[in-house]
Structures are given as C-alpha cells and as structure tokens.
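Enquirer: how would this look folded up:
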Amino acid sequence: MASYYTDILLVSLLMSSALTEETICAKYTFQDKLVDAVFELQHQVDILKRELKNVQNQLNNYQLSRDMATASMETQLTAEDKRIEEKLTTLTNGLPGRITSVMTGLSTPGGSIYTRWGRSTCNANRTQTVYSGYAAGSHYGNQGAAANYLCLTKEPLWRKFEDTKQSGAPVFGAEYEFDHRSRVTFFDREITDQDAPCAVCQSPRSQLLMIPGRNKCLDGWTLEYEGYLVAGDISHAAASEFICLDANPEALPNDSGNTDGKLFYFAEARCGGSLKCPPYVDGRELTCVVCTK
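Expert: Numbers count the residues shown, from 1 in each chain. Have a look, this model is predicted:
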C-alpha cells in the first residue's frame, strides 16, 4: 500500500515541469515524511489487525466453550427427561393394578378369625378380641358326641325354648386334665380340673395357619400365640379333635370343681410306627403355634 502512494506522488512531481530544483528538494523532503507517516499508519493497522484477530480467537474460544457447556447441559437434561419419563410410564402402567388392589381392600373385609384356647383375650400384633367366652363341647363319655371344641359367648341370646333336659346334643364346659404329669412343670402351677376360658380373635392378616409340632412361626409369618397340642383322651367314648392350647392357660373365676365335661389332654408323639423318630421323640408332649400372614 505504501508503494502505491509513493508512485502517485512521484508522477505528480515529474509532471510539474515548472518546478525549480529547490522546489523539487522540498517536495522530496515532504515525500519522505509522507512515506514515514504511511508506514507508521500501516504499522498501526497491522497492530489493530492482530488485536482484532486475538479478539476473534477469544470470541471463537468462548463460543466453543459455551457450545460444549450447552451440549453437556442438554445431554444431562435429556437423560433426566428420559429417567422421569420412564418413571412416569412405570407409575402409569402400575396405576390400574394399584387402584384395583385398593378398591378390593375397601370392598372386601381383610383379616382372619381364630380361637385362642385357654385365654380370655387376644394380645398379638394388632389382633383384636372379638369376644371372650367359655371353652365347651360334648361330654367325654357320650358315645356319638360332637368332636369339636366350642368357644361359647358369655352373653347368650335365645329364641324359643323349653327349660327341661332332653335327649340330643348336650354341651358342657371344658376342664384341664393332663393326668399322670406334673402340671407345675408345664404351667408353673396346678391347673387340674380348672375351667378353661377362650377368646375369639380377629387378625388384620388374612392367612391363618396352626402348625402342630413346633412353637415358632415360619419365616415371613406373624406369631399369634403358641402352646401345646391337646385333645380328648383315647380311652373316652366321645370323639375329639386336636387344638392348640395357649402355653400359659388361664382359669375361669368361680371354678366349678371337678365336674369334667369336655376335657383337655396333652398330645404326645408315639414312635415305633410310621411317625419318624427322630425328629420326634417317643412320649414327648407336642407343641403348636398359631401364625398369620
């Protein structure tokens, strides 16, 4: 650029034929100054160009860094959106089933009912006492009697009746017997011939299981109560059934004495036949446990 301006100045000076030598020398002196100024100006322009390039590089670097940060943020946001969408989809897909489950729980009473033999109340995990009653059943000496034990209510209600004893299915109270054993060893007190209470219990858990032969629930089950397996004596005329008597049985107040009726005897293992011994032991009293789930 400087050379271009210099040539223009020389042509202009040569075309002026009337110029004197002194004038020409003065013009050359001016030309030198002008050339120096042009070079200085070009130098300044070059400096400005370099500074502009540096600024442009800085802007480019900033833009690149911002783009990378934006891309990283967009990647994170995309991943988060995907996670939230997947979770929402899972919740949405499972919602009908959960609604059905809730509606079923509202429309169908849950829980289970069982009798706690030998106790007057129910005190297991969130289990309620429906009513407290008297253990009862057919007389042990009556042939053809009913086999099952009853938990009679303490608040009977009647329909039509005749207050005379007649042939049929008489119901007696139940007593503890446990003959030929030390009752103190098993119950820490003497309970022979004492009258037995019972309680009907409602558990919030729907599955109910009585396990003969053990006094602890299986994994995943909740203990309601544990005790001894009992039934009627094999020498008696009346049939009986096996039930689970609480390990710490109570006695009804105002005991009636030794009047028999429906009786409780220990159930024990008998080896020498098909019962496997071990694990069972000949003559040993069997335990039991009532569990819910």
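Enquirer: going forward, measure contacts between C-alpha atoms and count neighbours the same way
Expert: Fine.
Enquirer: Mind pulling up the pLDDT for the residue most central in space within the chain?
Expert: The centroid of the chain falls nearest to residue 220 when counting by C-alpha atoms, centre = their mean (12.2 Å). What the model reports for residue 220 is a pLDDT of 94.
Enquirer: what's the nearest residue to it if we skip its chain neighbours?
Expert: Nearest residue to residue 220 in three dimensions, chain neighbours excluded: residue 293, at 7.2 Å (C-alpha to C-alpha, 6 or more residues apart in numbering).
Enquirer: do residue 139 as well
Expert: Using C-alpha to C-alpha, 6+ apart and skipping residues adjacent in sequence, the residue nearest residue 139 is residue 261, 4.4 Å away.
Enquirer: ok, that neighbour to residue 186 distance?
Expert: 22 Å (C-alpha to C-alpha, to the nearest Å).
Enquirer: So for these two, which sits in the more crowded spot?
Expert: Ranked by neighbour count (other C-alpha atoms under 10 Å), residue 261 and residue 186 place residue 261 first, with 20 against 13.
Enquirer: and the gap between the more buried one and residue 61?
Expert: 101 Å.
Enquirer: Would you enumerate the residues in contact with residue 169?
Expert: Residues near residue 169 by C-alpha atoms under 8 Å, 6 or more residues apart in numbering: 138, 145, 146.
Enquirer: Let me know the closest of those residues to residue 68.
Expert: Checking the contacts of residue 169 against residue 68 by C-alpha to C-alpha gives residue 146 as the nearest, at 87.2 Å.
Enquirer: dump the residue contacts of that closest one.
Expert: Taking C-alpha under 8 Å, 6+ apart, we find residue 146 in contact with 137, 138, 169, 238, 239, 240.
Enquirer: Which helix or which strand is home to it?
Expert: Using DSSP states H and E, residue 146 falls within no helix or strand.
Enquirer: mind checking how far it is from residue 168?
Expert: Plainly put, residue 146 is 11 Å away from residue 168 if you go by C-alpha to C-alpha.
Enquirer: Also residue 148?
Expert: Distance, residue 148 to residue 168, by C-alpha to C-alpha: 16 Å.
Enquirer: repeat for residue 228
Expert: Residue 228 is 32 Å from residue 168, by C-alpha to C-alpha.
Enquirer: More neighbours: these two, which one.
Expert: Taking neighbours as other C-alpha under 10 Å, residue 228 and residue 168 compare with residue 228 leading, 25 against 7.
Enquirer: So for the closest residue in space to residue 292 that isn't next to it in sequence, what's the pLDDT?
Expert: With sequence-adjacent residues excluded and distances taken as C-alpha to C-alpha, 6+ apart, residue 292 is closest to residue 208, at 4.5 Å. Here, the pLDDT recorded for residue 208 equals 95.
Enquirer: Hmm, residue 112 and residue 208 touching each other?
Expert: Yes: under the criterion of C-alpha atoms under 8 Å, residue 208 makes contact with residue 112 at 6.5 Å.
Enquirer: what do those two both touch?
Expert: With C-alpha under 8 Å, 6+ apart, residue 208 and residue 112 have no common neighbours.
Enquirer: you'd agree residue 260 is up against residue 175?
Expert: Yes: contact criterion C-alpha under 8 Å: residue 260 and residue 175 qualify, at 6.0 Å.
Enquirer: what do the two both touch?
Expert: Shared contacts of residue 260 and residue 175, defined by C-alpha under 8 Å, 6+ apart, are found at residue 193.
Enquirer: Which one's more surrounded, those two?
Expert: Neighbours around residue 260 and residue 175, counted as other C-alpha under 10 Å, are more numerous at residue 175. The numbers are 29 against 20.
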